[in-house]
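Asker: coordinates for the following, if possible.
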Amino acid sequence: MSRGGESAGKRRVTARRNERRAEKGERRKQRRQGDDQGTADQAEIMSRFHHINELRSTGAISEDDFERQRHEIFVSLGLEDP
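Answerer: Just a heads-up that it's a prediction; the model follows:
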């Protein structure tokens, strides 16, 4: 009778291990999806920063406008405090 108990215990442990693996895989999948989206957003933001740098160098925007927009970009990237 003890063999049956050991087998049931082992099955529970194995089932729990498989559940944890599945949960971990799902968390990894969600992080990868979030990273892909974050990378695209970051590329768009950096493109905007490059654009305002060009506008400043040509004199199309004032230094104050540049600084304001630069600050907004850096805040969105988490590089400066709001």
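
Asker: gap between Arg56 and Asp65?
Answerer: Using C-beta to C-beta, to the nearest Å, one obtains 8 Å as the distance from Arg56 to Asp65. Quick note: C-beta positions are derived from backbone N, CA and C, even for glycine.

Asker: distance from the chain centre to the helix or strand of the chain with the lowest mean pLDDT, please.
Answerer: In the chain, no helix or strand scores lower on mean pLDDT, DSSP states H and E than helix 2-58, which sits at a mean of 82. When distances are taken as C-alpha atoms, centre = their mean, to the nearest Å, helix 2-58 is centred 8 Å away from the chain's centroid.

Asker: any idea which helix or strand comes after it?
Answerer: Counting by DSSP states H and E, the element after helix 2-58 in chain order, helix or strand, is helix 63-77.

Asker: that following helix vs helix 2-58, what angle?
Answerer: 170 degrees (axes from the mean of the first three to the mean of the last three C-alpha atoms, to 10 degrees).

Asker: who has more neighbours out of Arg56 and Asp65?
Answerer: Set side by side, Arg56 and Asp65 show more neighbours around Arg56, with 17 against 13, by other C-beta atoms under 10 Å.

Asker: residues in contact with that one?
Answerer: Glu63, Phe66 (C-beta atoms under 8 Å, 6 or more residues apart in numbering).

Asker: go again with 7 Å.
Answerer: Contacts for Arg56 (C-beta atoms under 7 Å, 6 or more residues apart in numbering) come out as Phe66.

Asker: I'd like the distance between it and Arg17.
Answerer: Distance, Arg56 to Arg17, using C-beta to C-beta: 57 Å.

Asker: equivalent analysis for Glu54, please.
Answerer: Distance of Glu54 to Arg17, given as C-beta to C-beta: 55 Å.

Asker: can you check Lys24 too?
Answerer: 11 Å.

Asker: what of Asn53?
Answerer: From Asn53 to Arg17 the distance is 53 Å (C-beta to C-beta).

Asker: and for Ser7?
Answerer: Relative to Arg17, and taking C-beta to C-beta, Ser7 is found at 15 Å.
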